[in-house]
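[1] Starting from these lines, generate the structure:
(one chain, ligands or ions: 1)
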Amino acid sequence: MSRPVTTVRPADTVADAATVMRERRVGSVVVTDHDERAIGILTERDMIRIAAAGSDASTAKVSEWMTPDPDTIGSGVEARRAFATLSEHGYRHIPVVDDGRLVGIVSMRDLMRIAMIQPADAQAHEVPKGLEGVVVAETTVGDVRGLEGFYHYRQYSAVDLAKARPIEDIWQLLFEGRLPETLAEREAFAAHTRPRRTIPADVREVLPAIAKAGKAFVPLDALRTSLSQFGTAEGFRASHDIDRAELYDNALATCAVVPTLITALWRLRQGLEPIEPRDDLAYAANYLYMMHGGVPTAEHAAAVEKYLISTIDHGFNASTFTARVITSTGADLVAAVVGGIGALSGPLHGGAPSRALQMLDEIGTPDRAEGWLRDAVERGDRLMGFGHRVYKTDDPRSLMLRDVADSLGGEKMELARHIEATAIKVLDELKPGRRLYTNVEFYAGIVMDSCGIPRELFTPTFAASRVIGWCTHILEQAADNRLIRPSAQYVGGAPPQPVPPIS
Ligand SMILES: CC(C)(COP(=O)(O)OP(=O)(O)OC[C@H]1O[C@@H](n2cnc3c(N)ncnc32)[C@H](O)[C@@H]1OP(=O)(O)O)[C@@H](O)C(=O)NCCC(=O)NCCS
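    Residues are numbered from 1 along each chain as shown. Sure, this is the predicted structure:
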């Protein structure tokens, strides 16, 4: 509250009251009697009323225009309640009275100041853990409708796009807001992106050391490290300091080089030479080519392409949110992408497809499925490739990839179908009401496996397409930026405690 309170007497003129308000720069004065009791309030709004009525302020008395017996609050009242009282009644000021005596005044402005210092305050209790369902931004990139089992990129169903267009068209759609309408437009984008698949010489030099570092090869970690080097070598600058054209160029270069980095690092780790990208191959075919050195069959290239398209973007998932938070600080584009990779590496996000396939291997034959799955869920384990934060029905990506996997055929597919049906039945029985179905990762593993992608490259392959989604969000965040800085509810021991001396 504000103290001391600016007061006037009922017999004062309105002109005197206006002078006091102007001099003290306050929006209201409290009218007090000789015992300092608040008997009225006169506000800027009353001044407007007086002027509109054509009344002579030099003769009109405060008592004639004040609001008598104003509502008051005690000084012990919580700020939140004071705010509620003000907004309920449409007041801008409310006198604070203790034991009948005026001790202060609370204005809307005071409360707004408190709200800005402690925005979380009491509402923090109401934010669900994991921010489930909390809307944190506006986006035109795309959305997920969990109950309908539908998701889209810009205004198109992602599944329809995957069926109708190559990934480079969708990349263009996301970056530029529209699909290419002619073959010439498609070619122009390809002519722009394909040359940038090549790893710059000064990054290539350090790749062998990155690929060989560590006892175990963790491809996503290697990708992170090499991308950091890429950003430095290419001179990426803070997004805060550059215009959209430069940030767009950084984004294009990063998306183009990621598949090359993934395959080069993987090959180097095995003592093989990296394979140069080929400009005459489309995105997915080139990716598989750089992995194994042979041009893949059209069927394999198309299957991998569908997987890649299906995972480009998916609402405010953890890695996308991470990339946007980092961008909101004005950091450079690669910093945000590297952060996204870190978030994606967790098994609850992108690290599941190889684990889903591992589960298939462990189960081995259809007759073992029910017992294995039941034991796992009863033990409290999570079935990899099942459940989703947003989808409470079939994940449309899983349905599409199931069709793709079906068309590729193979023994694993038969087993997978059986395990899917059994797992849904077991989950429905042991976790009733949780609505757990297969997610994108369950059939993704089978598709990638059938197309010759090694398991350790499953999550990096996910990253290869998701980087397009991250970069689209980075461009969107940077175009209308405000630092993302939420608050937390402190629930530790009551501060301040005396700092104990060391014994
Ligand atoms: C994706 C995932 C992290 C979403 O989690 P979430 O929205 O936080 O869901 P919750 O952790 O609140 O789980 C809700 C309930 O369903 C259960 N559940 C969720 N996914 C499950 C799974 N795959 N297997 C078994 N139980 C599962 C949880 O145990 C919990 O049960 P409870 O109410 O008895 O505690 C979660 O479903 C999961 O861990 N899936 C397996 C990993 C995976 O496939 N990741 C790839 C995601 S694309």
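[2] In three-state terms, how would M291 be classified?
    What DSSP: H, G, I helix; E, B strand; the rest coil gives for M291 is helix.
[3] Which strand or helix spans the nearest residue to it once chain neighbours are set aside?
    Excluding the flanking residues, the one nearest M291 by C-beta to C-beta, 6 or more residues apart in numbering is T263, at 4.9 Å. (Each C-beta comes from the backbone N, C-alpha and C, glycine too.) Under the criterion of DSSP states H and E, T263 resides in helix 244-269.
[4] who's in contact with the residue of the chain found nearest the ligand?
    Residue nearest to the ligand within the chain: G387 (2.3 Å; C-beta to the nearest ligand atom). G387 makes contacts with 427, 434, 436-437, 439, as judged by C-beta atoms under 8 Å, 6 or more residues apart in numbering.
[5] Which pLDDT value belongs to it?
    For G387, the model assigns a pLDDT of 93.
[6] if we can go back for a sec, quick one: residues contacting the residue nearest to M291.
    Shown in contact with T263 (C-beta under 8 Å, 6+ apart): 274-275, 287, 290-291.
[7] pLDDT at it, what is it?
    Taking T263 on its own, its pLDDT is 98.
[8] cool, and F83?
    Taking F83 on its own, its pLDDT is 72.
[9] What is the neighbour count of the closest residue to G214 other than its chain neighbours?
    Among residues not flanking G214 along the chain, D221 sits closest, at 7.5 Å (C-beta to C-beta, 6+ apart). Neighbours of D221 under the rule other C-beta atoms under 10 Å: 17.
[10] Which secondary structure element is home to D221?
    Using DSSP H and E, the element containing D221 is helix 219-233.
[11] residues of that helix that come out buried?
    219-231, 233 (16 or more other C-beta atoms under 10 Å).
[12] Stretch 387-400 too?
    Within stretch 387-400, the residues scored as buried using 16+ other C-beta under 10 Å are 387-392, 395-398, 400.
[13] Could you tell me the end-to-end distance of it?
    One end of stretch 387-400 sits 17 Å from the other (C-alpha to C-alpha, to the nearest Å).
[14] Also stretch 1-20?
    With C-alpha to C-alpha as the measure, stretch 1-20 spans 19 Å from end to end.
[15] For this structure, list the residues in contact with the ligand, please.
    Residues of the chain found near the ligand (C-beta under 6 Å from any ligand atom) are 130, 348, 352, 377, 382-389, 427, 431, 434, 436, 439-441.
[16] what's the spacing between the closest residue to D98 other than its chain neighbours and E185?
    Distance criterion C-beta to C-beta, 6+ apart; nearest residue to D98, sequence neighbours excluded, is S75 at 5.4 Å. S75 is 68 Å from E185, where distance means C-beta to C-beta, to the nearest Å.
[17] quick one, which of the two is more surrounded?
    Neighbour tally, S75 and E185, criterion other C-beta under 10 Å: the higher count belongs to E185, 15 against 12.
[18] Out of the contacts of G387, which sit inside helices?
    Using DSSP state H, the subset of those located in helices is L427.
[19] What's the separation between the residue nearest the centre of the chain and D375?
    Geometric centre of the chain, nearest residue: F321, 2.3 Å, by C-alpha atoms, centre = their mean. For F321, the distance to D375 (C-beta to C-beta) stands at 35 Å.
[20] Can you give me the buried ones in stretch 369-379?
    369-370, 372-374, 376-377.
[21] got a markdown table for these, with distance to V447 too?
    Shown next, in a markdown table, are the buried residues of stretch 369-379 (distance: C-beta to C-beta, whole Å):
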| residue | distance to V447 |
| --- | --- |
| A369 | 20 |
| E370 | 25 |
| W372 | 23 |
| L373 | 22 |
| R374 | 27 |
| A376 | 23 |
| V377 | 25 |
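[22] now the residues you listed in a markdown table, with secondary structure, distance to V203 and pLDDT?
    Output for the buried residues of stretch 369-379, formatted as a markdown table (DSSP: H, G, I helix; E, B strand; the rest coil; distance: C-beta to C-beta, whole Å; pLDDT from 0 to 100):
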| residue | secondary structure | distance to V203 | pLDDT |
| --- | --- | --- | --- |
| A369 | helix | 46 | 97 |
| E370 | helix | 50 | 97 |
| W372 | helix | 45 | 97 |
| L373 | helix | 45 | 97 |
| R374 | helix | 49 | 97 |
| A376 | helix | 42 | 97 |
| V377 | helix | 45 | 97 |
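[23] Just the closest of those residues to S107, please.
    Closest approach to S107 among those (C-beta to C-beta): V377, at 57.1 Å.
[24] How confident was the prediction at the residue lying closest to the closest one once chain neighbours are set aside?
    Nearest non-adjacent residue to V377, counting by C-beta to C-beta, 6+ apart: L430, 4.7 Å away. In this prediction, L430 carries a pLDDT score of 96.
[25] what about L430, neighbour count?
    Neighbourhood size, L430 [other C-beta under 10 Å]: 14.
[26] try the one 3 residues further on
    In terms of burial, G433 registers 6 neighbours under the definition other C-beta under 10 Å.
[27] L261 and Y289, how far apart?
    Distance of L261 to Y289, computed by C-beta to C-beta: 15 Å.
[28] Compare the two and say which is more crowded by neighbours.
    Remark: of L261 and Y289, L261 carries more neighbours, 28 against 19, as counted by other C-beta under 10 Å.
[29] Please give me every residue in contact with the residue nearest to D98.
    S75 makes contact with 1, 96, 98, 103-104 under the criterion C-beta under 8 Å, 6+ apart.
[30] And it, what's its pLDDT?
    Confidence score, pLDDT, at S75: 85.
[31] Give me the secondary structure label for it.
    Following three-state DSSP, the label given to S75 is coil.
[32] Many thanks, have a good one.
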